[in-house]
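# One predicted model, sequence on top.
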Amino acid sequence: MKLRTLLLVLFILFIAGFVALNFEQILQPTALNFGFTQVQAPMGLVLLGMLALVLVVFLAALVYYQTLHLMEVRRITREAADQRLLADKAEASRFTELRQYLQTELQATTAREQALSEKVHTKLDQVQAALTQVIEQTGNGLSASVGELEDRLERQLPPRHSGDHL
């Protein structure tokens, strides 16, 4: 129990005990002056009734303000939930946009890679063709040089007979 509630309960019990101990004096009639008239009534009972009325008014005010507070809390909670829902939708939208952007970039990267791959293959084919041509030209040049050397050697050496063996 909260300290405030405990103090209120103790105060109410103190007043109830006081009333119980002095109940005979509370019920004794006296002359009460209301300003415009004078009445015979028990003064203690009138004061006790006023205290009870004040207590009821304060309890009603407490219930009223607690109700207003709860309604305000619910309104704020509802607004916070609405704001959270909007934020979640916005975040989901950003995720969707990010996914679309990434997909677009991935497709563009794939297209660039394919284009580069095709260029590399084309260059490799050109280099291979050029290398093949150079090799053939080198082979032809070597063959021609070897053939020329053989002709020179044959001219410088005497002709061989079929009976000569080396």
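Sure, I can see it.

# Look up which helix or strand the most centrally placed residue in the chain falls in, please.
In the chain, the centroid-proximal residue (C-alpha atoms, centre = their mean) is Glu91; its distance is 7.0 Å. Using DSSP states H and E, Glu91 maps to helix 43-156.

# same for that helix, what does it pack against?
The contact analysis (3 or more C-beta pairs under 8 Å, 6 or more residues apart in numbering; DSSP states H and E) places helix 43-156 against helix 23-26, strand 29-33. The way it works is simple: take the backbone N, C-alpha and C, and place the C-beta from them, glycine included.

# Of these, which is nearest Glu150?
Closest approach to Glu150 among those (C-beta to C-beta): helix 23-26, 152.1 Å.

# Residues contacting that closest one, please?
Val19, Pro42, Met43, Gly44, Leu45, Leu48 (C-beta atoms under 8 Å, 6 or more residues apart in numbering).

# Pull the most distant pair out of those.
Farthest pair in these, by C-beta to C-beta: Val19 and Met43, 13.2 Å.

# Next, work out how far apart Ser84 and Thr77 are.
Residue 84: Arg, not Ser. With distances defined as C-beta to C-beta, to the nearest Å, the gap from Arg84 to Thr77 amounts to 10 Å.

# What of Gln128?
Relative to Thr77, Gln128 is positioned 74 Å away (C-beta to C-beta).

# Same question for His121.
From His121 across to Thr77, the span is 65 Å (C-beta to C-beta).

# go on, Arg112?
Arg112 sits at a distance of 52 Å from Thr77 (criterion: C-beta to C-beta).

# looking at this structure, which helix or strand does the model trust least?
helix 23-26 (a mean of 85; mean pLDDT, DSSP states H and E).
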